[in-house]
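1. Structure here, sequence nowhere to be found:
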C-alpha cells in the first residue's frame with residue numbers, strides 16, 4: 001500500500017470508530033461500552049493491518065483510553081510499569097550479553113562438534129534443532145534462528161558437494177531448515193521469558209489475581225514443548241525421508257565448525273561472567289519454588305518468593321554485568337547495549353496490558369468473551385478446542401503478541417470467574433499462538449529460513465498445516481486429558 005493510501009486508512013480508522021461510537025451512544029448504548037468497543041476495534045484493525053508499527057499502535061492505546069474518558073491517565077499508563085515488562089527487559093539484556101561476547105556461539109559450536117554429528121545427517125539435525133530449542137527458551141527466536149541458519153546452510157553445502165544429484169538432497173534441505181525454524185518457535189513456550197505471549201498471558205492473569213511462578217510455568221509448558229518438538233522432529237524426518245543421504249562423510253562441515261570455534265579464540269573472562277550471571281538468574285528463579293515444594297507453608301519459602309520476584313532477579317542478574325570489567329575501561333555490558341533491547345516489543349507488552357485492563361474495567365471483556373466463546377463455554381472440551389484452533393490459526397496472520405493480547409483478554413471475559421476449564425483454555429491458547437508454522441510471514445524464524453531460497457512456499461504451507469493440527473491435538477491431550485495446567489497454579 002502506498003504511503004498516502006496508508007495514511008488515509010489510518011486516519012479513517014482513528015476518526016470513523018469514535019464517530020460510530022458517538023452514534024451508538026445517541027441510540028442508547030452505554031458510553032463505556034460504545035467507546036471501549038470503538039477503541040478495541042481501532043487497535044485490532046491497526047494491529048492486523050500493520051498500517052503503522054505495532055509499538056506505535058500500542059502507545060496509542062493508553063492515549064485513546066484517556067481521550068475517550070474511559071480511565072484516568074494514571075490508570076491507563078499503569079500497565080506499562082508492570083513487573084512483567086521489566087522481567088522481559090532483564091531477559092533481553094542477558095540475551096544481549098550472551099550474543100555480544102559470543103558465549104551462545106561457543107556453546108553451539110562445542111555441542112555441534114560432539115560425536116553424534118560426525119557421520120549422520122539425522123544426528124546433526126537433532127543437535128542443531130536441540131540447540132535451537134534450548135536457546136529459544138531464553139533468547140528471542142529471531143536471534144537464535146539467525147545464528148543457527150548459517151550453520152544449517154553450511155551442512156547443506158556439504159551435502160551438495162557429496163551428492164551431485166540435487167534430488168538426493170532436496171528433502172534433506174527442507175528437513176533441516178524447517179526443523180531449525182520450528183524448533184526456535186517451539187522452544188520459546190517452555191519458559192515465561194521465551195516468547196512475548198507467555199508474559200502477556202501472565203500479566204493478564206495477574207489482573208485477575210492469578211499468579212504463576214517461573215517454576216510453575218516451566219512445569220506446565222516444558223512437557224508440552226518437548227512433546228511438540230519430538231513429534232515435529234519425527235514427522236519432518238519421516239516426510240522428508242533421508243535414506244541414502246543419512247550416513248555420509250561430513251568432515252568438511254566439522255572442519256567448518258572448528259574454524260568458527262577457533263576464530264572465537266580462547267575462553268574469555270567476559271564469557272564466564274555471562275555464564276555466571278545467567279546461571280544466577282535461573283537459580284534464583286527456580287530455588288524459591290523448589291523450597292516451597294520441599295517445605296510447603298514455610299516462612300522461608302514465602303519470604304524468598306516475595307523478595308526474589310522474577311523481574312527483580314532478571315534485572316539484578318543483568319545489572320551485575322554492567323558492574324563487571326572485561327579489560328581496559330569497558331564493562332561486560334554498557335548502556336549502549338540497551339539499544340539492542342527490543343523496545344518495540346516492550347511497548348507492545350504495555351499496550352496489550354493496558355488494553356486488557358480497559359476491557360476488564362469497562363465490562364467489555366465479558367461481553368466480547370460471551371459473544372466469542374459463550375456458546376461453547378459450558379463444554380470444557382469444546383471451549384479448549386475453540387481456543388486452540390483460533391489461537392493457532394489467527395497467529396499465522398497476526399503477530400503472536402498482538403494475538404495473545406486480544407484473544408486472552410476476550411477468553412478471560414467469557415465467564416464470571418476463572419475455573420479450571422477456562423484456565424486450561426487460556427494457557428492452551430497462549431501456547432498455541434507460538435504454533436505458527438505455515439506462512440513465511442508468520443514468525444521471524446519462518447521468514448529467515450524461507451529467505452534462504454532453499455524452501456518452496458508449498459512445502460512450508462503443507463508441512464506447517466499438518467504440524468499446526470498436530471499441535472492442536474497435543475494441546476487438547478495435555479490440557480484436557482492430562483490436566484497439566486494444574487501444575488502452573
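-> Perfect, I can see it now. As the structure is a prediction and not an experimental result, all values here were calculated from the model.
2. Could I get the contacting residues of the residue nearest the centre of the chain?
-> Nearest residue to the geometric centre of the chain (C-alpha atoms, centre = their mean): residue 195, 2.1 Å. By C-beta atoms under 8 Å, 6 or more residues apart in numbering, the contact set of residue 195 is 136, 141, 185, 188, 189, 400, 434. Where C-beta positions appear, they are placed from N, C-alpha and C, glycine not excepted.
3. my guess is residue 109 contacts residue 262, does it?
-> No - applying C-beta atoms under 8 Å, one finds residue 109 not in contact with residue 262, separated by 9.4 Å.
4. who has more neighbours, the two?
-> For residue 109 versus residue 262, neighbours defined as other C-beta atoms under 10 Å are more numerous around residue 109 (21 against 10).
5. Now the more buried one. Nearest residue, chain neighbours left out?
-> residue 261 (4.2 Å; C-beta to C-beta, 6 or more residues apart in numbering).
6. Going by neighbour count, which residues in the host helix or strand of the one you found are buried?
-> Counting by DSSP states H and E, the element that carries residue 261 is helix 251-263. Buried residues in helix 251-263, counted by 16 or more other C-beta atoms under 10 Å: 253, 254, 256, 257, 260, 261.
7. quick one: buried residues of stretch 269-279?
-> For stretch 269-279, a neighbour-count test (16+ other C-beta under 10 Å) marks 270, 271, 273, 274, 275, 277, 278 as buried.
8. Now the last one. Nearest residue, chain neighbours left out?
-> Put plainly, it is residue 278. residue 94 (5.9 Å).
9. who touches that neighbour in this structure?
-> By C-beta under 8 Å, 6+ apart, the contact set of residue 94 is 138, 274, 277, 278, 281, 314, 317, 318, 321.
10. Got phi/psi on it?
-> phi -60, psi -40 (degrees, to the nearest 10).
11. try residue 451
-> The phi/psi pair for residue 451 (degrees, to the nearest 10) is phi -70, psi -10.
12. Could you tell me how many residues sit around it?
-> Quick note: residue 451 (other C-beta under 10 Å) scores 11 neighbours.
13. Distance of it relative to residue 154?
-> 16 Å (C-beta to C-beta, to the nearest Å).
14. Same check on residue 408?
-> Distance from residue 408 to residue 154, by C-beta to C-beta: 40 Å.
15. which one of these two has more residues nearby?
-> residue 408 (28 against 15).
16. thinking again about what came up before, greatest separation within the contacts of residue 195: which pair is it?
-> The distance between the two most remote of the contacts of residue 195 (C-beta to C-beta) is 13.2 Å, for 136 and 400.
17. quick one: the helix holding residue 261 to chain centroid distance?
-> Computed by C-alpha atoms, centre = their mean, to the nearest Å, the chain-centroid distance of helix 251-263 equals 31 Å.
18. and the residue lying closest to residue 443 once chain neighbours are set aside, helix, strand or coil?
-> In space, and not counting its chain neighbours, residue 443 is closest to residue 436: 4.9 Å by C-beta to C-beta, 6+ apart. When classified by DSSP: H, G, I helix; E, B strand; the rest coil, residue 436 comes out as coil.
19. Can you give me the neighbour number for residue 436?
-> Neighbours around residue 436, by other C-beta under 10 Å: 27.
20. separation between it and residue 184?
-> 11 Å.
21. and if you look at residue 279?
-> On the measure of C-beta to C-beta, residue 279 and residue 184 end up 23 Å apart.
22. now do residue 11
-> Distance from residue 11 to residue 184, by C-beta to C-beta: 38 Å.
23. More neighbours: which of these two?
-> residue 184 (35 against 11).
24. tell me the contacts of that one?
-> 132, 133, 135, 136, 141, 144, 145, 148, 443, 445.
25. Please, which helix or strand holds residue 404?
-> Residue 404 belongs to helix 400-412, assigned by DSSP H and E.
26. Return the list of helices and strands in contact with that helix.
-> On a contact count with 3 or more C-beta pairs under 8 Å, 6 or more residues apart in numbering; DSSP states H and E, helix 400-412 meets helix 31-49, helix 196-206, helix 343-362, helix 364-373, helix 380-394, helix 420-432.
27. redo that, cut-off 6 Å
-> Counting contacts by 3 or more C-beta pairs under 6 Å, 6 or more residues apart in numbering; DSSP states H and E, helix 400-412 packs against helix 196-206, helix 343-362, helix 364-373, helix 420-432.
28. tell me the angle of the second one relative to helix 31-49?
-> This points to helix 343-362. Relative orientation of helix 343-362 versus helix 31-49 (axes from the mean of the first three to the mean of the last three C-alpha atoms, to 10 degrees): 150 degrees.
29. what angle sits between helix 343-362 and helix 400-412?
-> 10 degrees.
30. quick one: low-confidence parts of the stretch 1-150 of the chain?
-> Across the stretch 1-150 of the chain, the ranges flagged by pLDDT under 70 are 1, 116-119.
31. Also the stretch 301-450 of the chain?
-> Scanning the stretch 301-450 of the chain for pLDDT under 70 picks out 416.
32. average pLDDT across stretch 195-209?
-> Stretch 195-209 carries an average pLDDT of 90.
33. Can you give me the buried ones in it?
-> 195, 196, 197, 198, 199, 200, 201, 202, 203, 204, 205, 207.
34. now the residues you listed in CSV, with distance to residue 303?
-> Formatted as CSV, the buried residues of stretch 195-209 follow (distance: C-beta to C-beta, whole Å):
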residue, distance to residue 303
195, 31
196, 30
197, 31
198, 26
199, 25
200, 29
201, 27
202, 22
203, 24
204, 27
205, 23
207, 25
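35. quick check, nearest of the residues you listed to residue 176?
-> Nearest to residue 176 among the buried residues of stretch 195-209, with distances taken as C-beta to C-beta, is residue 195, at 22.5 Å.
36. Could you tell me the phi and psi values at that closest one?
-> Torsion angles at residue 195 (phi, psi; degrees, to the nearest 10) stand at phi -160, psi 150.
37. what does residue 71 give?
-> Dihedral angles (degrees, to the nearest 10) for residue 71: phi -150, psi 170.
38. Any idea how many residues pack against the closest residue to residue 285 other than its chain neighbours?
-> Nearest residue to residue 285, sequence neighbours excluded (C-beta to C-beta, 6+ apart): residue 214, at 4.2 Å. For residue 214, the number of neighbouring residues by other C-beta under 10 Å comes to 24.
39. now residue 338
-> Neighbour number of residue 338 under other C-beta under 10 Å is 15.
40. Then residue 172?
-> Residues near residue 172, counting by other C-beta under 10 Å: 24.
41. Repeat that for residue 217.
-> 26.
42. Residue 335 now?
-> For residue 335, using other C-beta under 10 Å, the count is 8.
43. what separates the nearest residue to it once chain neighbours are set aside from residue 332, distance-wise?
-> Spatial nearest neighbour of residue 335, chain neighbours left out: residue 322 (7.8 Å); criterion: C-beta to C-beta, 6+ apart. Distance from residue 322 to residue 332, counting by C-beta to C-beta: 7 Å.
44. And residue 274, by the same measure?
-> Residue 274 sits 7 Å away from residue 332 when distances are taken as C-beta to C-beta.
45. Quick one: residues contacting residue 196.
-> 345, 401 (C-beta atoms under 6 Å, 6 or more residues apart in numbering).
46. 10 Å instead, please
-> Going by C-beta atoms under 10 Å, 6 or more residues apart in numbering, residue 196 touches 88, 140, 188, 342, 345-346, 348-349, 352, 399-402, 404-405, 433-434.
47. Next: residue 447.
-> Counted by C-beta under 10 Å, 6+ apart, residue 447 has contacts 142, 145, 181, 439, 440, 441.
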